[in-house]
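In: Build me a structure from this.
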Amino acid sequence: MSAARSTTTSVNPSPRLNNRKFNMALGHVLGGGSSINAMVWMRGMQRDYDGWAKNGAKGWAFADVLPVFKKQEDWEGGANEWRGAGGPIHIRRPNDPHPTAPAFIEAAREMGMPVTSEEETAYKTLGASSTTLFPVGLTGW
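Out: Predicted coordinates for the structure are as follows:
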């Protein structure tokens, strides 16, 4: 990654890290560090957007921002009620999830956390899901 798109910052020693110091990568791009680390695409919770609108943030209800999200997306499954296609951000399901991912989902279920379906991840982020979305097709890195 070019220096124009990333930098590092020194993290002070921490007892929780066995008093180690390390350099943390930071991204100077849309999405910040997530864009260079996990590259997770997540919209936020529908109830949060609706709460902002209810408290005076006109134009920030989920119904208001959903069309904006959909215009940004190029979802591998094609456009539907919740996802967009043809936008500049190519998103997909992970091709090679870690082998322990199903165990984490099952552990969440056993603890009483809702498990969300693939379709629900487009609008319902409260819960465990095996379909975390990742942007793909970025160039110039």
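
In: can you pull the contacts of Trp21?
Out: Wrong residue type there; residue 21 is Lys, not Trp. For Lys21, the contact set (C-beta atoms under 8 Å, 6 or more residues apart in numbering) comprises 10-13. Where C-beta positions appear, they are placed from N, C-alpha and C, glycine not excepted.

In: Using JSON lines, lay out those residues together with neighbour count.
Out: Formatted as JSON lines, the contacts of Lys21 follow (neighbours: other C-beta atoms under 10 Å):
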{"residue": "Ser10", "neighbour count": "9"}
{"residue": "Val11", "neighbour count": "12"}
{"residue": "Asn12", "neighbour count": "9"}
{"residue": "Pro13", "neighbour count": "12"}
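
In: Show only the entries of those found in helices.
Out: Using DSSP state H, no member of the contacts of Lys21 sits in helices.

In: any chance of those residues in CSV, with pLDDT too?
Out: What follows is those, written out as CSV (pLDDT from 0 to 100):
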residue, pLDDT
Ser10, 78
Val11, 78
Asn12, 82
Pro13, 82
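
In: In strands, which of the residues you listed fall?
Out: 10-13 (DSSP state E).

In: now, which of those sits nearest Trp75?
Out: Val11 (35.5 Å; C-beta to C-beta).
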